[in-house]
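>>> Just need the structure, nothing else, for what follows:
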Amino acid sequence: MGRVDEVRQRDRAGTRRRILDAARKLFTELGYDQVTMRLISAEADANVALINRYFGSKRELFAEVLAMQGRFPGVLDVPEAELPRRLAEYVAERLRSERGSPVMAALIRSASCSETHGLIRDRVSSAILGPLAARLSGPEAIFRATVATSLITGAGTLSQLYGPDAFDAPDQETVIRRLTAVFEACLRA
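The predicted structure is shown next:
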């Protein structure tokens with residue numbers, strides 16, 4: 001009996017993963033409003049009832065897709081004095097990346113949907129704004145983190161819209177130096 005339960009668990013995990021992958025793909029390509037549970041069902045090769053059982057609703061599935069991205073892995077794990085340079089490196093890397101963030105694409109394509117505003121706001125707060133504010137000492141940490149977050153998310157939007165050729169910079173280090181100066185101004189107490 002243990003073997004059968006193990007196989008079922010693996011099947012459930014595989015099905016859940018297929019549904020999440022299908023939802024991420026569709027939300028990225030079409031945005032929240034244009035995606036239906038039937039589209040996700042067809043893409044994931046799973047019935048709608050199963051999707052509802054695993055995730056409850058399209059909104060909850062969207063929330064889980066947003067959570068898949070995680071936080072800034074390693075970006076904020078430096079001393080506070082090094083944060084401007086590290087954030088600049090992160091943004092410069094995202095601007096030059098051939099591979100855009102699927103979550104950022106889903107956010108951009110879904111931003112006009114009032115049903116997702118709270119989810120998007122919560123995601124930005126938990127992934128960027130909150131952790132960054134927690135790293136800052138001195139007064140107005142939340143305000144300073146908000147200004148820096150607007151730069152980070154704006155760069156993500158620019159990258160999604162224009163791709164890796166968003167601007168004509170002589171070299172990556174020039175971009176990093178300029179962005180570091182901007183982040184220093186944003187984060188300074």
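
>>> Any buried residues in stretch 52-62, and which?
Using 16 or more other Cβ atoms under 10 Å as the test for burial, stretch 52-62 gives 54-55, 58, 61-62. Any C-beta I mention is one placed from the backbone N, CA and C, and that applies to glycine too.

>>> what about Cys186, distance to Leu50?
Separation of Cys186 from Leu50 (Cβ to Cβ, to the nearest Å): 45 Å.

>>> just Val147 next, same as before
Taken as Cβ to Cβ, the span from Val147 to Leu50 is 44 Å.

>>> What is the burial count for the residue nearest to Glu140 when sequence neighbours are not counted?
The shortest distance from Glu140 to any non-neighbouring residue, by Cβ to Cβ, 6 or more residues apart in numbering, is to Ala189 (7.3 Å). When neighbours are counted by other Cβ atoms under 10 Å, Ala189 registers 10.

>>> if I pick Ala189, what's in contact with it?
Contacts here follow Cβ atoms under 8 Å, 6 or more residues apart in numbering; on that basis Ala189 touches 136-140, 144.

>>> now with 10 Å?
Applying Cβ atoms under 10 Å, 6 or more residues apart in numbering to Ala189 gives the contacts 80, 136-141, 144.
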